[in-house]
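Peer 1: here is a sequence together with a model predicted from it:
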Amino acid sequence: MPSAFANYPSVPCALMDMISCISHGGGSNIRHSPCSSWMNRLCWIMSAINSTKYQNRLLKLSTIAWACSAVCTAFILDIHYLQGSYLTRSPLGYGRFHRVMTSGLRLKQPQRVIVPLSADEVANFWGSFRNFRDLALVALMLLDGLRSRETLDLRLEDLQLADAQIRVLGKGNKQRLLPLPADTIQVLQNYLRLERPLTNSPALFVSLKGRQRGKPMTVAGLRSLFRHHRLRSQVLRANPHRFRHTFGADMVRAGISLPALQRLMGHTHIRTTMLYVQLAPQDVWREYARAVQNRTRLFLPQNL
């Protein structure tokens, strides 16, 4: 058993046995314990802690919390152990089964498709705002495809309004220059001129009121902003990530190439960009009808 566990003599013996089994690579043997599931096993440990046998040990709350955490850690280790291995035996069909570790073997899971917002939903959500700061936030996500974290990390020096572009620091500290539409430039100028308080903060988006006035806007603040306007506009599917998907779908409908969209969205691999391209069935039919009109027409044979 690892020496780190020796500092916890008050942990029940059943829990120590479970940890010992996990630490020696035998996590799957725990499945033969009297508990039928990991949730039941956790309840079993807690009942052992509360039993008369352990009441005289005066267990602290930190010890009980550590016991629960250890059970959860054992569960995670057991799952990873089973997912990365399989049972096999001799090719001749004799001998005991033994577990073989694998690399890169995992079950294929269905990908969650995020449907972009419709034009009406975007219009309703856009119309629920009453200040330029919030409109600028949404415009950068919806018209430039920025991630929520990228939007909050923008600084005043990243704005290049004279050149109609903005510098964005994306994942992996990779910078990219994005063009700014005229509507976004106008909203940003109104925010900077009319609403942004005088502050020494270099952040582009700051709080407008309250005790945090003038301080950089936080993730919690952005989440609260979207929650409020979802209820106000009744567009319950609106969130920053869905706006990014909506941007990608709108660009594809407009005829942009995938390499150009990849650069705009800051993706390293184009297959990541493909995950954001989810066209509605009516878009597919519209593209098909346009392609049919442009292809070579086939005429019926004259002998028919």
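Peer 2: Ah, there it is.

Peer 1: can you list the domain ranges for the chain.
Peer 2: As given by automatic domain parsing, the domain ranges for the chain are 3-101, 119-285.

Peer 1: by mean pLDDT, show me the worst of the ones you listed.
Peer 2: Among the domains of the chain, domain 3-101 has the lowest mean pLDDT, at a mean of 54.

Peer 1: show me where this structure has helices.
Peer 2: Residue ranges of the helices in the chain, as given by DSSP state H, are 13-23, 38-50, 52-55, 61-83, 119-126, 132-144, 148-152, 182-190, 219-233, 240-253, 258-265, 270-276, 281-294.

Peer 1: quick one, the last one and helix 240-253 angle?
Peer 2: Orientation of helix 281-294 against helix 240-253 (axes from the mean of the first three to the mean of the last three C-alpha atoms, to 10 degrees) gives an angle of 10 degrees.

Peer 1: restricting to C-alpha, output helix 281-294 in PDB.
Peer 2: Presented in PDB, the C-alpha positions along helix 281-294 are these (Å, rounded to 0.1, in the frame of the first residue of the first chain):
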ATOM      1  CA  PRO A 281     -32.100  19.800 -44.000                       C
ATOM      2  CA  GLN A 282     -33.600  22.800 -45.900                       C
ATOM      3  CA  ASP A 283     -30.000  24.100 -46.500                       C
ATOM      4  CA  VAL A 284     -29.000  20.700 -48.000                       C
ATOM      5  CA  TRP A 285     -32.100  20.700 -50.300                       C
ATOM      6  CA  ARG A 286     -31.400  24.300 -51.400                       C
ATOM      7  CA  GLU A 287     -27.800  23.400 -52.300                       C
ATOM      8  CA  TYR A 288     -28.900  20.300 -54.100                       C
ATOM      9  CA  ALA A 289     -31.500  22.300 -56.200                       C
ATOM     10  CA  ARG A 290     -28.800  24.800 -57.100                       C
ATOM     11  CA  ALA A 291     -26.400  22.100 -58.100                       C
ATOM     12  CA  VAL A 292     -29.000  20.300 -60.300                       C
ATOM     13  CA  GLN A 293     -29.700  23.500 -62.200                       C
ATOM     14  CA  ASN A 294     -26.000  24.000 -63.000                       C
END
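
Peer 1: for it, name the packing helices and strands.
Peer 2: If you count contacts as 3 or more C-beta pairs under 8 Å, 6 or more residues apart in numbering; DSSP states H and E, helix 281-294 packs onto no helix or strand. Every C-beta, even on glycine, is put in place using the N, C-alpha and C of the backbone.

Peer 1: ok, now with 10 Å
Peer 2: Contacts defined by 3 or more C-beta pairs under 10 Å, 6 or more residues apart in numbering; DSSP states H and E place helix 281-294 against helix 240-253.

Peer 1: name the residues of the helix it packs on that are buried.
Peer 2: Across helix 240-253, burial judged by 16 or more other C-beta atoms under 10 Å covers P240, R242, F243, R244, H245, T246, F247, G248, A249, D250, M251, V252.

Peer 1: and those as CSV, adding distance to L225?
Peer 2: Compiled in CSV, the buried residues of helix 240-253 are given as follows (distance: C-beta to C-beta, whole Å):
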residue, distance to L225
P240, 10
R242, 15
F243, 13
R244, 16
H245, 19
T246, 18
F247, 19
G248, 22
A249, 23
D250, 22
M251, 25
V252, 28
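
Peer 1: and the residue nearest to R237 when sequence neighbours are not counted, what is it in contact with?
Peer 2: If the residues on either side of it in the chain are set aside, R237 comes closest to L117, at 6.5 Å by C-beta to C-beta, 6 or more residues apart in numbering. For L117, the contacting residues are 123-125, 142, 235, 237-239, 242-243, 245-246, 249-250, by C-beta atoms under 10 Å, 6 or more residues apart in numbering.

Peer 1: which ones are touching the closest residue to P197 other than its chain neighbours?
Peer 2: Closest residue to P197 apart from its sequence neighbours, by C-beta to C-beta, 6+ apart: G214 at 4.7 Å. Contact analysis of G214 by C-beta under 10 Å, 6+ apart lists R196, P197, L198, T199, N200, S201, A203, V206, S207, L208.

Peer 1: now do L137
Peer 2: So L137 contacts 129, 146, 148, 151-152, 154, 187, 191, 204-205, 217, 222, 225-226, 240, 243 (C-beta under 10 Å, 6+ apart).

Peer 1: where's it relative to L152, distance?
Peer 2: Applying C-beta to C-beta, to the nearest Å, the value for L137 to L152 is 9 Å.

Peer 1: what do you get for P259?
Peer 2: Taken as C-beta to C-beta, the span from P259 to L152 is 28 Å.

Peer 1: of these two, who's got more company?
Peer 2: More crowded of P259 and L152, by other C-beta atoms under 10 Å: L152, with 19 against 10.
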